[in-house]
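Engineer: Sequence and predicted structure, then a few things I'm wondering about:
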Amino acid sequence: MKSVLITGANRSIGLETAKQLSEKGFFVYLGSRDLEKGKATVKELTEKGFQNIKAIAIDVTDSASIYAARKIVDQEQGKLDILINNAGVLGVNPQTAAEVSIEDIQTVFDTNFFGVISVTQAFLDLLKKSDSPRISNITSGLGSLTLHSDPTWKYYHVKTAAYGTSKSALNAYTIVLAYELRDLPFKVNAIDPGYTATDFNAHSGPGSVESAASFIVKHTATDDNAPTGQFFSNDIEDETGISPW
């Protein structure tokens, strides 16, 4: 049975992704900063018939927490097949470039950028033991520099000096990581689930968590012929789903 770790999976898109991967036969580590909340969520899922889901404590901004989670996965699985770096924070609003504080930017980057790097590096050796390792970095269309430079883009006026820039940095890291792992069977991609109605945005997005999670699963649980080093977006209206960087 293949295993997957999803950070920030206690609710919203991360939770729905855990459910969909469980239904596909994966053993899912449901990452949660608060282990008790994670266990309560898993209990509810089990009562609804979901199987092979286990809560695991992981705070992506805490190296001790990350390595404690890594130890559990190593002891129980001996490897990791899929890592979905889903944990993220929006930060305070407004986020104008002229006024947002360095402290607020650092708080967002600690989770959305540095947290992803910390988790990825900690689990990389376990992923290398998989026959088909996958790393999906959950990003946002707000991280696309190309789209942000296009006045005709529907979200052109949504500028966030902390959140958007953290996702742009994450996209850049994804490109470098995919390149470094290109000679191994890794598929490393940035995946934007689209503007989705969640607690994250006060349910302002038009998309559903089911659609968002399905898009993540589609571009994560892939075969050997799937692309790597790509930026996929659920908001791109063509069959490839490929977004400009």
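Structural biologist: Okay, I see it. This is a predicted model, so every value here is computed, not measured. Numbers count the residues shown, from 1 in each chain.
Engineer: looking only at pLDDT, what's the mean for the helix or strand harbouring Ser22?
Structural biologist: Following DSSP states H and E, one finds Ser22 within helix 12-23. Mean pLDDT, computed over helix 12-23, is 97.
Engineer: Figure out how far that helix is from the centre of its chain.
Structural biologist: 12 Å (Cα atoms, centre = their mean, to the nearest Å).
Engineer: Stretch 33-45 now?
Structural biologist: When distances are taken as Cα atoms, centre = their mean, stretch 33-45 is centred 19 Å away from the chain's centroid.
Engineer: What of stretch 137-156?
Structural biologist: For stretch 137-156, the separation from the chain centroid amounts to 18 Å (computed by Cα atoms, centre = their mean).
Engineer: what's the distance between Gly229 and Val42?
Structural biologist: Note on Gly229: its distance to Val42, by Cβ to Cβ, to the nearest Å, is 33 Å. All C-beta spots, glycine's among them, are computed from the backbone N, C-alpha and C.
Engineer: And Ile117, by the same measure?
Structural biologist: For Ile117, the distance to Val42 - Cβ to Cβ - is 27 Å.
Engineer: Compare these two (neighbour count), which wins?
Structural biologist: Relative neighbour count places Val42 above the other of Ile117 and Val42, with 21 against 16, counting by other Cβ atoms under 10 Å.
Engineer: Looks like that one contacts Gly31 (just checking).
Structural biologist: No - Val42 is beyond contact range of Gly31, at 11.4 Å (criterion: Cβ atoms under 8 Å).
Engineer: What ranges does this structure have for its helices?
Structural biologist: Under the criterion DSSP state H, the chain contains helices at 12-23, 35-47, 63-77, 102-109, 115-127, 145-148, 163-180, 209-218.
Engineer: Deepest in the core, which of those helices is it.
Structural biologist: Looking across these with neighbours counted as mean count of other Cβ atoms under 10 Å, the highest average goes to helix 12-23: a mean of 23.
Engineer: Settle this for me: Asn85 is touching Arg134, isn't it.
Structural biologist: No - if you go by Cβ under 8 Å, Asn85 and Arg134 don't touch, sitting 11.2 Å apart.
Engineer: More neighbours: the two, which one.
Structural biologist: Between Asn85 and Arg134, counted using other Cβ under 10 Å, the more crowded position is Asn85 (29 against 24).
Engineer: which non-adjacent residue is nearest the more buried one?
Structural biologist: Computed as Cβ to Cβ, 6 or more residues apart in numbering, the closest residue to Asn85 that is not its neighbour in sequence is Val116, at 4.4 Å.
Engineer: residues contacting the one you found?
Structural biologist: Taking Cβ atoms under 8 Å, 6 or more residues apart in numbering as the criterion, Val116 is in contact with Val60, Asn85, Asn137, Leu170, Tyr173.
Engineer: wait, which of those is closest to Leu21?
Structural biologist: Lowest distance from Leu21 to these (Cβ to Cβ) belongs to Asn85, with 14.6 Å.
Engineer: export stretch 48-56 as CSV, just CAs?
Structural biologist: Included here for stretch 48-56 are C-alpha records, laid out as CSV according to Å, rounded to 0.1, in the frame of the first residue of the first chain:
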residue,chain,number,x,y,z
LYS,A,48,-18.0,7.4,7.9
GLY,A,49,-16.3,4.4,6.5
PHE,A,50,-12.9,5.9,5.5
GLN,A,51,-9.9,3.6,6.1
ASN,A,52,-6.2,3.8,6.4
ILE,A,53,-6.0,7.3,7.6
LYS,A,54,-3.9,8.2,10.6
ALA,A,55,-3.5,11.6,12.3
ILE,A,56,0.1,12.7,12.7
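Engineer: So what touches that stretch?
Structural biologist: Against stretch 48-56 from outside (Cβ under 8 Å, 6+ apart): 1, 5, 18-19, 22-23, 25-32, 35, 38-39, 41-42, 45-46, 69, 72-73.
Engineer: what does stretch 57-75 give?
Structural biologist: Counting by Cβ under 8 Å, 6+ apart, the neighbours of stretch 57-75 from elsewhere in the structure are 3, 5, 7-8, 29, 31-35, 38, 56, 80, 85, 87, 110-111, 114-116, 118-119, 122-123, 126.
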